[in-house]
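Trainee: Sequence below, structure please.
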Amino acid sequence: MKMHKIKLVSAMLWLIPVTQGFSTHNRAGEITYRQLSGFTFEFTITTYTYTKSPADRSQLEVQWGDNTTSIAPRIPPPLILPNDYQKNTYKATHTFPGPGVYEVVVEDPNRNYGVINIPSSVNVVFSIKTILLVNPQVGQNNTPVLLNPPYDKAAVGHLFIHNPAAYDPDGDSLTYSLAICTREGGEPISNYTFPTASDTFYVNEVTGDLVWKNPVKEWQKDGEFDRGIYNVAMNIDEWRNGIKIGTIHRDMQIDVYETENDPPVNGPLNDLCVVAGDFISFEVTATDPNNDMITHWDTGGVYQVSESRPVFTMVSSDSGTVTSRFEWQTTCSHVRRVPYNWLVKAEDVNEDISLADIDNVNIRVIGPPTGPLEAIPSHRSILLKWSPCACDNVVGYDVYRRIGSTDYTPDSCEYGVPSYLGYQKIGSTSSWQDTVFIDDNNGNGLLQGTDYCYLVVAVYPDGTPGIASNEACGILVQGTPVITNVSVTDTDPAAGSIYLAWVKPRDLDTIPAYGPYEYRIYRAEGIWGTDFDQIHSFTTADLEDTTYNDLNINTQDVAYHYRVELYNDEPGNRFMIGEPGTASSLFLQMVPGDNKMKIFFRKNVPWLNTRYVVYRQNHSTLLFDSIGVVSDSVYVDSGLANGVNYCYLAKSIGTYNQPGIPDSLINFSHENCGTPVDLEPPCPPELTVYSVCDSFYNVLRWAIPEGECGEDIVKYNLFYTPLYNGTLQPIGTVDDRATTVFHHFPEETMAGCYAMTAVDSFGNESALSARICIDECSYFELPNVFSPNNDGDNDFFRPKAYRFVKAVDIQIFNRWGELVFEESYDDPSEFIWNGQIKNTGKIVSPGVYYYICDVTEQRLTGEEVRNMVGFVYVFTEKNPPIHVEK
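Mentor: Modelled structure (predicted):
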């Protein structure tokens, strides 16, 4: 029976402040923030309330998502908007304990009465929230600013559009989606339904338009009250470098009227792409089918620029029509990665009800290209020159290179260097006037016979690239030997040999170098070896001798890097001609695995290898048989027997793709052997963790990795730390492969971080799984009613649960704000109030009392203080009536 009594009183407490005075008022709201420093943020809570309601909150409580709360005061004065809307702004600053994802929630019990798509809306808490990622690696971040207040009206059977006009000051990308309105704790309302439309109801994920096509009437006229009230919500997600870094949840009320009025309609508008410095001018005309007078109003991120703001002026106005002109002189300071949003609203003036049409235009301002780009080749490098960009606020230029031309021409709204072109960034300059770049491959020299192509883009202060330059290409002047072959002809630790060949140089008369000539051949150990020793030289008059056999070397264990230098050996005019060509032998790196051998083709060559033929030695004939052809630099030979030795060699087939140089360059590797063995650790399992708060344990579940990655797992090791940044300690081992669940009973706190490893039958242990942290349980709970009347039933006010609580500080006040009880407890089990006024021995009068309680708990980041506020109903008479909930 006690349970029924408590439930009814709790319900009565909830209903009393709502129904008395009919003080419903909350129509819309959102939470935004700006980052002040590190983990400190300033939050702005914006609510839109009914001006005629007596409920008017001077402050709101904010739940920070880190088990703390605080009070946000209202910044006076409120702003009065059309349609009986009042805009209220509250601000509060908060420092989060560390990196993480936090959900900030604000609640208000005064949701409007009579919301059609929220049953018993007056009894459903109104809440708004925002989610933020606190991560130093993401950088400074501020939420978008929502510039369009949600106070427009809708009409039955007519198109309704709302757009928040979101502007992100950091230039982050935004997406939009429908959301379910929320209740206590920011949780979705379970029986919420989206408004009914004869056509569709949706949010455009790119533009942010909330579109309600032709609302239907779902209400009955009640006296003079003839409208339908709906609450809808939308999420505005913020993205940076492909990562979602925040979400704003805007809740808004839409009033739908049945009316003979028709909304005005703006004429067609198109998105724009302009180059910085262009002047934008266009007109927008709205017409009204009822010949009502029309006003134009606009807003948007385009007005947030610091200089040369747009101007929107009315050109003409008459019954049923209005024309306005948008003008904007763009400048180089307007260049940014995301477009500016401009929103225009046409609203009619009608005695019955004013209706509106909203349209938005995205205006992208892109930086101009550089002046003409030139590529000037030499024997070793290519000199790039261009004229400065027209915008002098650029911070430098990025240089991109690829092999082969694309004949690329940017379209009207394309900027930067698109990834589909296959260009790679190779360098930058550091100022607007720094317009020369020498590409020598970071000092290593470019390759002979290769067609190098370049694009250059200007870079603006926020990192936004401008339009790419023209494409410029060049091939090195061929005044040096072009190596074509470094092929192992015999594998032996002492008597091995390599065949070296190159193409005769040409265009020597442009240097000039008239001979005679000397070839010098150098060798270094290792594919990338740089410690070259001269191993041979010879003089030639016609350069026709272009081969060399390197004998009696260790080709079994060592790869070699060769360099061929050409000298003009003319007496009195002796010099090295150009940059010498280099190339390495093809070397096989063997990586044994479980019943397989992974073979990597290691090389350092100036040509492009298009494919590799792999050979394995037959154990019976001792001949090498072809077993596969691949285009990648790795081959996996599977289905082998562990413990058996296998030998391999490979043939590479390559090309320079240049005239005058032989095609299909064939080179052989050395022979190399290996023995398969299981040294591969399994993949770490995918771990999930959740808390069973009532039973004081955490559940760890995981999935066995699929395929070979997890086929021979035999056991799992589990690790835990109670702190976010703590060191993981082992807590147990599961010796059964098929068991994929573990219950952990922590001693000090339910919060903590977990990870695990898998171990296979050979003792190989996987890497740690992803570290999963939880902090879901709060155990300190106070009742909402007690009766200090010495009847032995609910005589004391004390916590119903207090596990993992370190300390409690509580203050209790009567309805006039007078303190009636105050105490601090280092042991929460000692917390008890007998209903007496402090230091008097007198029992308090029956009624509702307000408490503020600071609870020190062991949480994920250590000991934290959670602020609790609430009400308790005190009965003092003997045998209070017992009510059974129906």
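Trainee: Asp209: how many residues sit nearby?
Mentor: Neighbourhood size, Asp209 [other Cβ atoms under 10 Å]: 19. Any C-beta I mention is one placed from the backbone N, CA and C, and that applies to glycine too.
Trainee: what's the answer for Pro783, then?
Mentor: 16.
Trainee: Not counting sequence-adjacent ones, nearest residue to it?
Mentor: Lys800 (6.0 Å; Cβ to Cβ, 6 or more residues apart in numbering).
Trainee: gap between the residue of the chain positioned farthest from its centre and Ala513?
Mentor: Here the chain reaches farthest from its C-alpha mean at Pro571, the gap being 66.3 Å by Cα atoms, centre = their mean. Going from Pro571 to Ala513 by Cβ to Cβ, to the nearest Å gives 13 Å.
Trainee: can you give me the strands in the stretch 401-550 of the chain?
Mentor: 424-429, 436-439, 451-459, 472-475, 482-490, 496-503, 517-525, 533-540, 547-553 (DSSP state E, counting those that start in this stretch).
Trainee: Just send the ones you listed back as a markdown table, with mean pLDDT, mean neighbour count and distance to Tyr560 too.
Mentor: Shown next, in a markdown table, are the strands of the stretch 401-550 of the chain (pLDDT from 0 to 100; neighbours: other Cβ atoms under 10 Å; distance: least, Cβ to Cβ, whole Å):
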| stretch | mean pLDDT | mean neighbour count | distance to Tyr560 |
| --- | --- | --- | --- |
| strand 424-429 | 96 | 15 | 28 |
| strand 436-439 | 96 | 16 | 28 |
| strand 451-459 | 96 | 24 | 27 |
| strand 472-475 | 92 | 18 | 28 |
| strand 482-490 | 95 | 22 | 7 |
| strand 496-503 | 96 | 20 | 6 |
| strand 517-525 | 94 | 18 | 6 |
| strand 533-540 | 94 | 12 | 10 |
| strand 547-553 | 96 | 15 | 7 |
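Trainee: and of these, who's closest to Ala390?
Mentor: strand 451-459 (9.0 Å; Cβ to Cβ).
Trainee: Need the phi and psi values for Asp694.
Mentor: phi -60, psi -30 (degrees, to the nearest 10).
Trainee: burial of it, as a residue count?
Mentor: Counted with other Cβ under 10 Å, Asp694 comes out at 9.
Trainee: What score does it have for pLDDT?
Mentor: Asp694 is assigned 83 on the pLDDT scale.
Trainee: Figure out the helix or strand that Thr130 lives in.
Mentor: strand 126-134 (DSSP states H and E).
Trainee: need the strands for the stretch 651-800 of the chain, in chain order.
Mentor: Under DSSP E, counting those that start in this stretch, the stretch 651-800 of the chain gives strands at 665-668, 672-674, 686-692, 697-703, 713-721, 729-734, 741-744, 752-760, 772-774, 785-786.
Trainee: Which residue ranges of the chain form helices?
Mentor: Applying DSSP state H to the chain gives helices spanning 2-19.
Trainee: Pull the contacting residues for the residue nearest the centre of the chain.
Mentor: Centroid-nearest residue in the chain: Ile243, 0.6 Å away (criterion: Cα atoms, centre = their mean). By Cβ atoms under 8 Å, 6 or more residues apart in numbering, the residues touching Ile243 are Leu133, Val138.
Trainee: Give me the distance between it and Phe96.
Mentor: Counting by Cβ to Cβ - Ile243 and Phe96 are separated by 18 Å.
Trainee: same thing with Val486?
Mentor: From Val486 to Phe96 the distance is 59 Å (Cβ to Cβ).
Trainee: now swap in Arg402 and tell me
Mentor: Arg402 is 44 Å from Phe96, by Cβ to Cβ.
Trainee: What are the structural domain limits within the chain?
Mentor: Domains of the chain are assigned by automatic domain parsing as 25-257, 265-366, 374-475, 482-584, 587-674, 686-774, 785-874.
Trainee: Please convert the ones you listed to CSV, extending it with distance to Glu680.
Mentor: Below are these laid out as CSV (distance: least, Cβ to Cβ, whole Å):
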stretch, distance to Glu680
domain 25-257, 31
domain 265-366, 43
domain 374-475, 32
domain 482-584, 25
domain 587-674, 5
domain 686-774, 6
domain 785-874, 35
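Trainee: Tell me if I'm right that Leu588 and Lys598 touch.
Mentor: No - in this structure, Leu588 is not within contact of Lys598 by Cβ atoms under 8 Å, at 10.6 Å.
Trainee: more crowded one of those two?
Mentor: Of the pair Leu588 and Lys598, Leu588 is the one with more neighbours under other Cβ under 10 Å, namely 22 against 17.
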